[in-house]
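Colleague: Provide a 3D model corresponding to the input given below.
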Amino acid sequence: MTQDQIDQHSTGPAYLPYQRMGKLREWGGPLPKSWHQLQTEIQKTITTYMIDLGMVPVFPTFNAHVSRELFDLFSWKSMKINKFWSTYTAEKHCCDMFVDPEDPLFERIGKMFLNEITSDFDDRAVLIVQNTMWNSESSRWADHIVESVLTAVSKGRMIILDTMLQKDLNNKTCTLFHGQPYIWIVDTQKLNWDMYEAIDPPYNTIVGLGVSPSVMEQNYMLVEWVLEAAWRSKRPSLPEWQQQYASRRYGCNATASAWGHLLNSVYKGNMDIYTIISWPSQPLYNVYSRFPKYELLEAWRKFVFVPDDECRSPAFEYNLIDVTRHALHYRALQVYMSLRNNDAMVPAATTRHVVGRRAEQRALDCR
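Modeller: All right, here's what the predicted structure looks like:
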């Protein structure tokens, strides 16, 4: 392939994850050769440090996504174009080709890919498999098919990245690891608080806990709860743990009851949809909240009127704004429902909605 053909495939650095999933091409690119050289040197340095510290690095393997230019050059019949993703429907930016894993071409490219990786890094490999597809496409992944994947290599040569266990501890994937070790990855804002059950049999092949980037920096309590599990053998009392968390985070005990109300509201269920970012539609969406409004609003009140000046730490102020934002979102939902139930409320509801959004903006400006 020529450099021009490669450039038509490469996205900018911020979009590389989407390109590697076959969803996007060329957007924000191309990447100069110097960038690739620098990344290789950085990766070698990081990998060396990881191995010296006893860490196990994880490298990619061939995922069947190839450039459209490669298809144009060879016209392999086993290649299929990926589906359009999001709003990137233009021919120029979507989509890449997918090689049928049953085609000999898949193995041929896969070996070339692995040879390139191991020549620069490490040839001792353990297969890493994420189990999301077993749930998101469960109709295509019957139990016997999942079993054949999990038993294709000896025990210990495969590690499952389990992103589904938190949603349902009785999920069928929990019983289909067939002795393969797994790492529990938390990747949503809502957590099953009975996660400690996963450490007990029959889930005793767990070898680690992790948190995906989509949770980090936005849900501190959940992250601490998850990572503390690595140091505990039994599930602690959640109300007691929550009070200790509030004290550690703010350096005071004045918000312990407020956090109790949050546990009984936003940590138990979500709104079906955030109305302030919804597209206008007719008829209006039928939305509702899955937790009692009193709990959230009472948590907000206790954050706002906390009597202890010692709580006025940066962490407290950050969470005060977050709770305020969520409460104003809830108020927007109430206004929206009043509009949905009575057309005569349009002028008043519109005014209240605008006032609420301005109040939210003022709160966010305090950060």
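Colleague: ranges for the helices of the protein?
Modeller: Listed in chain order, the helices of the chain (DSSP state H) span 3-7, 16-20, 33-52, 68-74, 104-120, 132-136, 143-150, 220-228, 238-250, 256-263, 293-304, 314-341, 346-365.
Colleague: deepest of these, which one?
Modeller: Mean neighbour count, computed with mean count of other CB atoms under 10 Å, is highest for helix 256-263 among these, reaching a mean of 20. Just so you know, the C-beta spots here come from the backbone N, C-alpha and C atoms, and that holds for glycine as well.
Colleague: any idea of the angle that helix forms with helix 238-250?
Modeller: Interaxial angle, helix 256-263 versus helix 238-250 (axes from the mean of the first three to the mean of the last three CA atoms, to 10 degrees): 120 degrees.
Colleague: other residues contacting helix 256-263?
Modeller: Helix 256-263 has contacts (CB atoms under 8 Å, 6 or more residues apart in numbering) with 221, 238-239, 242-243, 245-247, 295-296, 298-299, 302-303, 306, 323.
Colleague: go with 10 Å
Modeller: When contacts are defined by CB atoms under 10 Å, 6 or more residues apart in numbering, helix 256-263 is touched by residues 193, 221, 238-240, 242-247, 249-250, 255, 267-268, 291-292, 294-306, 319-320, 323, 326.
Colleague: low-confidence bits of the stretch 201-350 of the chain, can you list those?
Modeller: Across the stretch 201-350 of the chain, the stretches falling below the confidence threshold (pLDDT under 70) are 201-204, 213-218, 269-291, 308, 340-343.
Colleague: return the distance of stretch 48-55 from the chain's centre.
Modeller: Here the centre of mass of C-alpha atoms in stretch 48-55, compared against the chain's by CA atoms, centre = their mean, to the nearest Å, lies 26 Å away.
Colleague: correction: the previous question concerned stretch 135-145.
Modeller: Between the mean C-alpha position of stretch 135-145 and that of its chain there is a distance of 21 Å (CA atoms, centre = their mean).
Colleague: so what would you say the end-to-end distance of that stretch is?
Modeller: End-to-end span of stretch 135-145 (CA to CA, to the nearest Å): 13 Å.
Colleague: any chance of CSV for the helices of the chain, columns distance to L161?
Modeller: Rendered in CSV, the data for those read as follows (distance: least, CB to CB, whole Å):
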stretch, distance to L161
helix 3-7, 30
helix 16-20, 15
helix 33-52, 18
helix 68-74, 29
helix 104-120, 19
helix 132-136, 8
helix 143-150, 13
helix 220-228, 14
helix 238-250, 26
helix 256-263, 28
helix 293-304, 33
helix 314-341, 29
helix 346-365, 34
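Colleague: ok, which of the ones you listed comes nearest K83?
Modeller: For these, proximity to K83 was assessed by CB to CB; helix 16-20 is nearest, at 13.2 Å.
Colleague: I'd like the average pLDDT over the closest one.
Modeller: Within the predicted structure, the mean pLDDT of helix 16-20 is 82.
Colleague: what's it in contact with?
Modeller: Here helix 16-20 makes contact (CB under 10 Å, 6+ apart) with 9-12, 23-29, 31, 39, 60, 63, 65, 67, 85-86, 88, 94, 96.
Colleague: repeat the analysis, applying 8 Å as the threshold.
Modeller: So helix 16-20 is in contact with H9, S10, T11, L24, R25, P60, N63, H65, W85, D96, going by CB under 8 Å, 6+ apart.
Colleague: now the buried members of those.
Modeller: Among those, those scoring as buried are H9, S10, T11, L24, R25, H65, D96 (criterion: 16 or more other CB atoms under 10 Å).
Colleague: for the stretch 51-200 of the chain, which segments count as strands?
Modeller: For the stretch 51-200 of the chain, the strands defined by DSSP state E, counting those that start in this stretch cover 65-66, 79-81, 97-99, 127-130, 158-162, 182-186.
Colleague: alright, that wraps it up for me.
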